[in-house]
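> here is a sequence together with a model predicted from it:
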Amino acid sequence: MSFQPDFRNLLQVLERQRPDRPTLFEYYMNQTVYDDLTCGMPYGASDELAPWKKLIDAFRLAGYDYTTLTLPGFTFPLGERGHGASVSLNEGFLIRDRTSFEAYSWPDPGKARYDLLDRLSGFLPAGMKFVVPQPVSILGGTINLLGYDNLCLLLFDDPALVKDVFNAVGERIMAYHLETVRHDSVGACLINDDWGFNQQTRLNPQHLRRYVFPWYRKIVRSIHAAGKPVILHSCGNLSEVMEDVIEDMQFDGKHSFQDMIQPVESFYEQYGGRIAVLGGIDVDFMCRRTRQEVYARCRAMLLSDKKGGYALGTGNSVPEYMPKEQYYALLQAAWDLRG
C-alpha cells in the first residue's frame, strides 16, 4: 500500500467533518504488531531513539496520519503494587491523611522528556504529527495516590484533603500539557482518564463535577488556545456525564467504547453531530469474531459515516491477546475504501 500521511484528515474528523479519505485512529497497538509491521527495517542497537523511530514507522505503515507518543520522566511515585494483568485499585497508595499528604514527594512535570518532541520531529514523515497522551491522569492518578476505598471514605470524612490531592495532581498535569502544546510536532493531545465502570461512573457525577471536571475544563481551554484539538480516552459508562464532556469541558473527540455499554454505531447516531467519534469496534468483538465479520462491521461503520466526524479503530487499543489478523482486517477495511 502506498500511503502518504496527512494529519489534516484527523483534524477534519475532530472538526466533525468528513475527511478526504477513510481515517484510522488507535491509542496504541502492541509490540507484536509493531515488530510485524516493521519487520526487516534496520534500527541501530545503540540508537537511543530507535524504539520511538520504530513506533513512528509502525503507525505510518499501518496507515495512520499520526503516532501517539507518551513522554517518559513524569510519574507519581506509588507504593508496592501487584504485577498481574489486573491490579486492585486499593494497592500501592501512599496518602492516607493530611500528614502523609504533606510528606508525599510530588513529581516535577518539567522532568518529562519534552526533548523527544523535537528530536523525533525530523524523523516524522511529511504530513505526520504526534498525538500526545498524558502519562498520568487526574482521576486515575488520585485513585492511585489515595486508594479507591480510602478516597470514597475521604469524600465524606475529609473533603478538604480530597480537594487538595485533586488540585495537586491537576496543576501538575496542566503544566505538562502547557509545555507539550508549545511544540510544533504536536498535532493534538489525548486526555486518557477512565471515569466509568460498566454500569456507572467511578465516582458520583457530582463529585466528578466538583473535583475532576474543572481541571479538565481548564486544560482543554488551554490546549484549544494553542490551536490544537483534544481527544478524550475514557473507559466505562459515561452516559450521565456526556453533556459535561461535550458542552462544559468541550472535548473535540471521544475514544473508548464497549458494546456491552453502548455500541459505537448507537453512540455515533446519538452524539456524532456534536463530538467526533474515534474507534469503537469492541475489543471483545475483535477477539472473538472472524476476520470476515470484523471486516464487514468496520466497512459498514465507515460507509455509515454520513455526518462526518468518524475515524475507524478498536474500542480501546490493540492488546497482545487480540489476534493480529483481526486487527489487520480492520485496517484492510479502511485501506480498501481509500482506493
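Everything's here; your move.

> residues contacting Ala188?
Listed by CB atoms under 8 Å, 6 or more residues apart in numbering, the contact set of Ala188 reads Leu10, Leu11, Leu14, Tyr66, Lys129, Val131, Val132, Lys228, Pro229, Val230, Ile231, Asp252. (C-beta placed from N, C-alpha, C; glycine too.)

> which of those fall in strands?
Here DSSP state E is the test, and the contacts of Ala188 give Tyr66, Lys129, Val131, Val132, Val230, Ile231 as lying in strands.

> possible to save these as TSV with distance to Ala50?
Listed next are the ones in strands among the contacts of Ala188 as TSV, based on distance: CB to CB, whole Å:
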residue	distance to Ala50
Tyr66	20
Lys129	21
Val131	21
Val132	20
Val230	30
Ile231	27
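
> which of these are buried?
Tyr66, Lys129, Val131, Val132, Val230, Ile231 (16 or more other CB atoms under 10 Å).

> my guess is the fifth one contacts Arg221, does it?
No - using CB atoms under 8 Å, Val230 makes no contact with Arg221, being 9.4 Å away.

> average pLDDT for stretch 299-308, rounded please.
Stretch 299-308 comes out with an average pLDDT of 92.

> only alpha carbons, please: show it as CSV.
Output of stretch 299-308 as CSV, limited to C-alpha atoms (Å, rounded to 0.1, in the frame of the first residue of the first chain):
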residue,chain,number,x,y,z
ARG,A,299,-16.6,-1.3,6.4
ALA,A,300,-20.2,-0.8,7.4
MET,A,301,-19.2,1.7,10.0
LEU,A,302,-17.1,3.7,7.5
LEU,A,303,-19.9,3.7,4.9
SER,A,304,-22.4,4.9,7.5
ASP,A,305,-20.3,8.0,8.2
LYS,A,306,-22.8,10.4,6.7
LYS,A,307,-22.4,13.2,9.2
GLY,A,308,-18.6,13.1,9.2
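
> where does Gly187 sit: helix, strand or coil?
What DSSP: H, G, I helix; E, B strand; the rest coil gives for Gly187 is strand.

> for Met242, same thing?
helix.

> just checking, it touches Phe267?
No - counting by CB under 8 Å, Met242 stays clear of Phe267, with 9.1 Å between them.

> which stretches of the chain have low pLDDT?
Along the chain, the parts satisfying pLDDT under 70 run over 1, 80-89, 91-92.

> what's the longest helix in it?
helix 159-180 (DSSP state H).

> hey, C-alpha coordinates of that helix in PDB?
Extracted in PDB, the C-alpha atoms of helix 159-180 (Å, rounded to 0.1, in the frame of the first residue of the first chain):
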ATOM      1  CA  PRO A 159     -13.300  16.600  51.600                       C
ATOM      2  CA  ALA A 160     -10.700  19.400  52.100                       C
ATOM      3  CA  LEU A 161      -7.900  16.800  51.800                       C
ATOM      4  CA  VAL A 162      -9.600  15.200  48.800                       C
ATOM      5  CA  LYS A 163      -9.700  18.600  47.100                       C
ATOM      6  CA  ASP A 164      -6.100  19.300  47.900                       C
ATOM      7  CA  VAL A 165      -5.000  16.000  46.400                       C
ATOM      8  CA  PHE A 166      -7.000  16.500  43.200                       C
ATOM      9  CA  ASN A 167      -5.600  20.100  42.900                       C
ATOM     10  CA  ALA A 168      -2.000  18.900  43.500                       C
ATOM     11  CA  VAL A 169      -2.400  16.300  40.700                       C
ATOM     12  CA  GLY A 170      -4.400  18.600  38.400                       C
ATOM     13  CA  GLU A 171      -2.000  21.500  38.500                       C
ATOM     14  CA  ARG A 172       0.900  19.200  37.600                       C
ATOM     15  CA  ILE A 173      -0.900  17.600  34.700                       C
ATOM     16  CA  MET A 174      -1.900  21.000  33.400                       C
ATOM     17  CA  ALA A 175       1.700  22.100  33.500                       C
ATOM     18  CA  TYR A 176       2.600  19.100  31.400                       C
ATOM     19  CA  HIS A 177       0.000  19.900  28.800                       C
ATOM     20  CA  LEU A 178       1.000  23.600  28.600                       C
ATOM     21  CA  GLU A 179       4.600  22.600  27.800                       C
ATOM     22  CA  THR A 180       3.600  19.800  25.400                       C
END
